[in-house]
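> I'll drop the sequence and a predicted model, then ask my questions.
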Amino acid sequence: MNNKHFLMGNEAIAYGAIAAGLQFGAGYPGTPSTEVMETLIKNAKKYNYYVEWSTNEKVALETAIGASFSGASSIVTMKQVGLNVASDPLMSLTYLGIKGPLVLLVTDDPGPHSSQTEQDTRSFGLFSNIPVLDPSNSQEAYEMTKYAFEISKSYETPVILRTTTRVSHRCDDVVLEEIKPSNENIEGFSKSSRWAIFPKLTAKRHPILEKLQKTLSNEFSDSEFNFKTGTGKIGIITSGASYHYVNETISNNKELFSVLKIGTPHPFPENKLLEFTNEVDSIIVVEELDSYLEDQLLQLLGKIGISKPVYGKKNNIFPCCGEYSVDIVKIGINKVLDSLKLQKLEISEKLIDKTDIISLPVRPPNLCAGCMHRTVFYAFKEVSKELKKHNIQTIFSGDIGCYTLGNAPPLELIDTCLCMGAGISIAGGISRTTKNSKNVAFIGDSTFFHSGIPAVINAVYNNADVTIAVLDNRTTAMTGHQPHPGTGKTALGNLTKLIDIEGILKSCGVEFVKTVSADDFSACKEISKEAIDYNGPSAVVFRGNCVSIVKSDKKYAIDKNKCISCKICVERLGCPAITMTGEIPEIMENCTGCGLCKAVCPADAVIEVTKQ
Amino acid sequence: MNFSVIICGVGGQGVVLASRLLAITAMNSGFHVNTAETLGMSQREGSVVSHLQFGETIKSSLIPEGGADLIIGLELSEVARNLHFLKKNGKIITNCKMILPSARSSNETYDSEQIINFINKYVKSTICIDFSKIAKLAGNPKSMNVSVLSAAFYTGFLPLDYNDFLKTIESEIPEKYRDINLNAAKLSAETIMLEGNNE
């Protein structure tokens, strides 16, 4: 019982890395990957390794590559869209290979719950020739992380450990071995032509890389992470979270099916698959996101010349988008059973259908009560109304972070949002091509460092008429308040040099750079107007503190005698602390005293009161 | 034996901690246990649901619709929102308080009486008590999550031992908050004992 722990998939991965002898870790936060780094940071001292938050995923990977070239056991963590940012170094790295084991933890997000895409990292493994491991629960996540370090070391290749939200953010009972602090010395970098990629070296390494795929495919065919259960004549091939959905779906009809669970999707364990397909009459492939296993299987059957029916996404048995569930898997398997003229699996009798539930309070995501972004957005909105009177359209390009919620009603201020750092560049493009427009790009402090700076340089270099609004709340708020170069603190909590955003903007050549406190609504409005009016690139750093980390002792209330019930504070700000209970708005306990409602109230009815 | 529980509420009420306390009690009772939370935007006033399953086999992250044996509710309208997860003869224990959402939906009106009636129409074995009041009496309104959970153990709605739950509080809650949470758990059990006589 002592070694049994209740762990989130992401925590299990961190402990797996530590158990494998981790010496170096780097990452950029992104849901659902963040807790891997958080757990590593918490345990760094105890288990004696170095760990850092990087400015973006490309930099994190490149830094870890440096550590690996020195012989250190390294991990890099990111979400699926982060791998796009890191893909440049990764695609070259596969040719070079590594020295110290290097594992990339990449989390996919079917659903998606908190992402811009539903991309499948298994396909990235295929694209970049990198082995991919795909666990289904926390225990497997722990074991597979250790295995990832093992194969990375033995084959001198980076390895991707890929999870999905329901694996990363699921908690399980996990048996851990006793983990000891790493005492191994890091060998250090030794000069070799191996580490400098030139066309000649690429040409030499490419055949070796291709051969490795074959070797790994054979090794994976013998791996205990690919296993079969059952003896039925209908074969089901599945992986990751879907494996558990399949088990639950067929639990009462096991005799019909055999299940092959694939834990190592790339390089495809061909021998194992051939063995399995020979034992069954037909095959159902159950997998989230891409039809990765299905494509590989169809290729394999075609190559060998085996003719057996394969049911999956390609013939519309299963949906090709979104997150799966027992219900979705059951519907798919029943379609197959129906076409095979077999009796369908029972659908459990439900108490009530979702559609029969009465109307309930809607709880859409919203900026927090007292969030500095609301003040800034409202200021820009007011300015844009004035510009509209002169027939000038203000277009707002958003970015990725809390402030993406500026697109929610009633603010509705975000017109574009694409990926980290794109806001400034998109605004530049629109400014060149849309007449009578003023273009504002919002970017958060962490995102500014992540990938905003090259876009600032581009705006200055090409003299784009854009206003860059840096929404600096002194943290990476959306993912759980990680530090970044603008906070003056490292991942491990040490004080470090604070990189000054205004200084960067100026040194990039932005001539109009102003800073304003987000507490002062009228100043925010004034400076916004000034920055928009400025011809050429301008920048304003709006500075405030994220309300989730700095607690305020201020609170406001409404003077019922003065309130004229215009509802501006309720209907235009969308503050979660203001609600209509009767004729007059009421300010609730969660008010943090930002004062925006006081600033917009035409009747001067908002008064400061003591917080209980 | 496999047992599935939906724990639901609103961001900030402590759904995740409640789910953790229940999971650890189940794990220490010798079961496999797994939980999955949907909480992406919960920090910003959103709905939070935890899917928790324990038993002899490892289960999937999410409970299928119609698959939950029990719903533990920290907020009334969230219980109604998740009713499609409940089994035909499933049970409910919930805080009877409702949290109205923020400003924007000000034109909509919601009546907790109406929601209770809706739930009762489908589930006869529903326990709906003002657990916020119990938590406040115990010393901190924030221990409401523990008091609902405690009642679920004490009524026997969960196939786990109430005393094992108290042990989990002792091992998992930081010392600073331990006594308040133990108080909340005990006061809640006493309330159930008294009100149980009326059933």
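All right, it came through fine.
> for residue 146, grab the count of nearby residues.
All of this is about chain A. By other Cβ atoms under 10 Å in any protein chain shown, the residues close to A:K146 number 17. (Glycine included, C-beta is placed from N, CA and C.)
> you looked at the wrong chain, it should be chain B
Using other Cβ under 10 Å, B:V146 has 29 neighbouring residues.
> buried sites along stretch A:143-162?
For stretch A:143-162, a neighbour-count test (16 or more other Cβ atoms under 10 Å in any protein chain shown) marks A:143-149, A:151-153, A:155-162 as buried.
> stretch A:66-75 now?
Those would be A:A67, A:S68, A:F69, A:S70, A:G71, A:A72, A:S73, A:S74, A:I75, for stretch A:66-75 by 16+ other Cβ under 10 Å.
> need the contact list for the fourth one.
Taking Cβ atoms under 8 Å, 6 or more residues apart in numbering or on different chains as the contact definition, A:S70 lies against A:K99, A:G100, A:I186, A:E187, A:G188, A:F189.
> low-confidence stretches in the chain?
You didn't say which chain, so I picked chain A. A:1-2, A:612 (pLDDT under 70).
> my bad, the chain I had in mind was chain B
In chain B (pLDDT under 70), the answer is B:39-44, B:102-108, B:196-199.
> go with 90
Scanning chain B with the threshold set as pLDDT under 90 gives B:1, B:11-12, B:37-46, B:99-111, B:125, B:192-199.
> which residues in it form helices?
B:15-28, B:76-81, B:112-122, B:131-138, B:144-154, B:162-172, B:175-196 (DSSP state H).
> which of the ones you listed sits most buried?
By mean neighbour count, with neighbours taken as mean count of other Cβ atoms under 10 Å in any protein chain shown, helix B:144-154 ranks first of these at a mean of 27.
> how many other residues sit next to the residue nearest to B:P101 when sequence neighbours are not counted?
Leaving aside its chain neighbours, B:P101 sits nearest to A:P361 (4.6 Å; criterion: Cβ to Cβ, 6 or more residues apart in numbering or on different chains). By the criterion of other Cβ under 10 Å, A:P361 has 22 neighbours.
> just A:E346 next, same as before
Neighbourhood size, A:E346 [other Cβ under 10 Å]: 10.
> please report how far the spatially most central residue of chain B lies from chain A.
The structure's chain B has its C-alpha centroid closest to B:I72; by Cα atoms, centre = their mean the separation is 2.9 Å. Distance, B:I72 to chain A, by Cβ to the nearest Cβ, to the nearest Å: 16 Å.
> tell me what the closest residue to that residue other than its chain neighbours is bridged to.
In this structure, B:I72 finds its nearest non-sequential neighbour in B:I7, 4.6 Å apart by Cβ to Cβ, 6+ apart. With DSSP bridges as the criterion, B:I7 is bridged to B:S50, B:I72.
> isn't B:I7 up against B:S50?
Yes: if you go by Cβ atoms under 8 Å, B:I7 and B:S50 touch, sitting 4.3 Å apart.
> between these two, which is the more surrounded one?
Per other Cβ under 10 Å, whichever of B:I7 and B:S50 has more neighbours is B:I7, with 32 against 25.
> quick one: residues contacting A:L471.
By Cβ under 8 Å, 6+ apart, the neighbours of A:L471 are A:M372, A:H373, A:V376, A:G401, A:Y403, A:F442, A:I443, A:G444, A:D445, A:F542.
> ugh, wrong one, A:A72
Listed by Cβ under 8 Å, 6+ apart, the contact set of A:A72 reads A:Q23, A:F24, A:G100, A:I186.
> closest to chain B among these?
Nearest to chain B among the contacts of A:A72, counting by Cβ to the nearest Cβ, is A:F24 at 30.1 Å.
> how near is that closest one to A:K214?
30 Å (Cβ to Cβ, to the nearest Å).
> ok, and which of the contacts of A:S70 reach chain B?
Among the contacts of A:S70, no residue sits close to chain B (Cβ under 8 Å from any Cβ of the partner chain).
> which members of those residues are classed as buried?
Among the contacts of A:S70, the ones that count as buried by 16+ other Cβ under 10 Å are A:K99, A:G100.
> looking at the contacts of A:S70, which is nearest A:N226?
A:G100 (26.9 Å; Cβ to Cβ).
> mutual contacts of B:I7 and B:S50, please.
B:V15, B:A18, B:S19.
> can you tell me which of the buried residues of stretch A:143-162 are in helices?
Per DSSP H, those map to helices at A:E143, A:M144, A:T145, A:K146, A:Y147, A:A148, A:F149, A:I151, A:S152, A:K153, A:Y155.
> great, nothing more from me.
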